[in-house]
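A.B. asks: prediction below, plus the sequence it came from.
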Amino acid sequence: VLLIVFLNDSAPNSLIDTLRRNLELRGTQASAMDAVRKRVLETLRGTEKDTGGVLGQRISRNHDPPSFVVHIELLWEDLILSVKGDMPDEDPWRFMSRVLTVTGEKDILQALPCEDYLRQTWPRTAPGMLNMLRKAVSDMTTSKTEFLFKSGLCVECSRYENCRGVVVTVKGTDFEIAEIAEQLAWLRATWNGVAFYEEQSKSSQELESTFRLNEPILIPSSGLRGRDRSDPPHEHSFIIHVKSEEMVRDPESNSSCWRKLLLGTTVVTGFKIPSRPRDTPGLEIHPRIAVDLVGADQVTLFDSRLLIKGFSRMLYPTKFDAESNVISWHLIDNGNEYISFADPRAEESDVAGLDYHSFETARHVVG
């Protein structure tokens, strides 16, 4: 009812987006996401208060909200160079946007391609951000790219000489700037140490232990490299750093089999993912992606059971929660040895009510 009242009253899109996000995307503790937003809003509102602005006034159709300029530095040089080295004949953004990312906590996670996570979490501003980033990353000969939103929000990406990455300048309202800052923070943490597959000599067991938990931190800066050291009134500078630590596997956990699907992955923590029942821990993943990771050709109905089987790996369902429409899967990994559909370890896959229709419409969690 509250949402309907807001819609009829032409409430700002940012308010509606916040309500939707709080209702649908609350699966984890969004500490980093909230901290970035809080840092931006407190900084900008402090400026408006100091200059005698109208930020504290109620929302009104008769007054435009105050506008600000914020500069945010991201250290991306190493990433772009590594992408170009690994994929010399491919558009870097095409490669970056489809790389599988993992967001969440150690027991409640979601795997999505980079572009899909941005669109899921920030549906109003992500398309414009993606457009701007695509231009900035794909064309290294251009020092500056920008995108102008219909709302008037402007996002500009610049590369400066002697700067290890890019500086993103955002011109808009405090809520708009906070949302762009959240996306940049998530991207920074996602691509920090993304090439974790570098040591091919490591065994699978060693690679499983190289998972990293990355949490971005937005820090005020007195002035970014390539620009003047001081900012004029209503302009602020920030730099995004990443706090990284090893994601230690809990030997008593029954929800970590997904690690064998994504050896050596970086996990971005402190950002929201879709809600799901707490008794379904593990990694939420699209079944099409799971099929590819397992090395299967398709989902197979074998002996009245739905199975996803490759040469040496097999996923089998362990639970189907019809009320929340979530299927839980377990992964069997046979190393380099062939695995059979009739493997006795998958005999517990007798899940009532699970058929192809349920499979196609449900959410899928490997754990």
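C.D. replies: Cool, the structure landed. Numbers count the residues shown, from 1 in each chain.
A.B. asks: list the contacts for the residue nearest to the spatial centre of the chain?
C.D. replies: Central residue check for the chain by CA atoms, centre = their mean: the C-alpha nearest the mean position is that of Tyr117, 4.8 Å away. Contacts for Tyr117 (CB atoms under 8 Å, 6 or more residues apart in numbering) come out as Thr101, Thr103, Gln110, Trp186. For every residue, glycine as well, the C-beta is placed using N, CA and C.
A.B. asks: let's see the PyMOL selection covering just the buried ones among the residues you listed.
C.D. replies: To isolate the buried ones among the contacts of Tyr117 in PyMOL, judged by 16 or more other CB atoms under 10 Å, type:
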select buried, resi 101+103+110+186
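A.B. asks: may I see the contacts of Tyr117 arranged in CSV, with pLDDT as well?
C.D. replies: Putting those into CSV (pLDDT from 0 to 100) gives the following:
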residue, pLDDT
Thr101, 91
Thr103, 94
Gln110, 95
Trp186, 94
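A.B. asks: among the contacts of Tyr117, which one sits closest to Ala290?
C.D. replies: Gln110 (12.7 Å; CB to CB).
A.B. asks: pairing partners for the helix or strand harbouring that closest one, with directions?
C.D. replies: Gln110 is part of strand 108-113 when elements are defined by DSSP states H and E. Applying DSSP bridges, strand 108-113 is found paired with strand 100-104 (antiparallel), strand 282-284 (parallel).
A.B. asks: dump the contacts of Tyr117 to a markdown table, plus distance to Phe320.
C.D. replies: Converted to a markdown table, these look like this (distance: CB to CB, whole Å):
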| residue | distance to Phe320 |
| --- | --- |
| Thr101 | 27 |
| Thr103 | 24 |
| Gln110 | 19 |
| Trp186 | 31 |
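A.B. asks: what packs against the longest strand that the chain contains?
C.D. replies: In the chain, with assignment by DSSP state E, the single longest strand is strand 235-246. Contacts defined by 3 or more CB pairs under 8 Å, 6 or more residues apart in numbering; DSSP states H and E place strand 235-246 against helix 31-50, strand 68-74, helix 174-190, strand 212-221.
A.B. asks: any buried residues in that strand, and which?
C.D. replies: Glu235, His236, Ser237, Phe238, Ile239, Ile240, His241, Val242.
A.B. asks: these two touch, right, the third one and Leu218?
C.D. replies: No - no contact is recorded between Ser237 and Leu218 when judged using CB atoms under 8 Å, the distance being 10.9 Å.
A.B. asks: could you find the closest non-adjacent residue to Ser221?
C.D. replies: With sequence-adjacent residues excluded and distances taken as CB to CB, 6 or more residues apart in numbering, Ser221 is closest to Ser237, at 4.3 Å.
A.B. asks: where's the one you found relative to Leu262, distance?
C.D. replies: 35 Å (CB to CB, to the nearest Å).
A.B. asks: what does Ile289 give?
C.D. replies: 10 Å.
A.B. asks: identify the contacts common to these two.
C.D. replies: Leu100, Ala111.
A.B. asks: neighbour count winner among these two?
C.D. replies: Leu262 (21 against 15; other CB atoms under 10 Å).
A.B. asks: name the SS class of the more buried one, please.
C.D. replies: Using DSSP: H, G, I helix; E, B strand; the rest coil, the structure places Leu262 in coil.
A.B. asks: for it, list the residues it contacts.
C.D. replies: Applying CB under 8 Å, 6+ apart, the residues contacting Leu262 are Leu100, Val102, Ala111, Leu283, Leu293.
A.B. asks: the second one and Met96, how far apart?
C.D. replies: Using CB to CB, we find Val102 at a distance of 15 Å from Met96.
A.B. asks: Leu44 contacts Phe68, correct?
C.D. replies: Yes - counting by CB under 8 Å, Leu44 does reach Phe68; the two are 5.1 Å apart.
A.B. asks: list residues touching both of these two?
C.D. replies: Shared contacts of Leu44 and Phe68 (CB under 8 Å, 6+ apart): Asp174, Ile177, His236.
A.B. asks: test my guess that the last one contacts Ile219.
C.D. replies: No - with the criterion set as CB under 8 Å, His236 and Ile219 do not qualify as a contacting pair; they are 11.6 Å apart.
A.B. asks: and the closest residue to Val365 other than its chain neighbours, how many neighbours?
C.D. replies: In space, and not counting its chain neighbours, Val365 is closest to Gly282: 4.5 Å by CB to CB, 6+ apart. Counted with other CB under 10 Å, the neighbours of Gly282 add up to 25.
A.B. asks: could we number from 3 for the rest of this?
C.D. replies: Understood, numbering begins at 3; the last thing we discussed is Gly284.
A.B. asks: on that earlier part again, in CSV, list the strands paired with strand 110-115 along with distance to Ala364.
C.D. replies: Below are the strands paired with strand 110-115 laid out as CSV (distance: least, CB to CB, whole Å):
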stretch, distance to Ala364
strand 102-106, 19
strand 284-286, 11
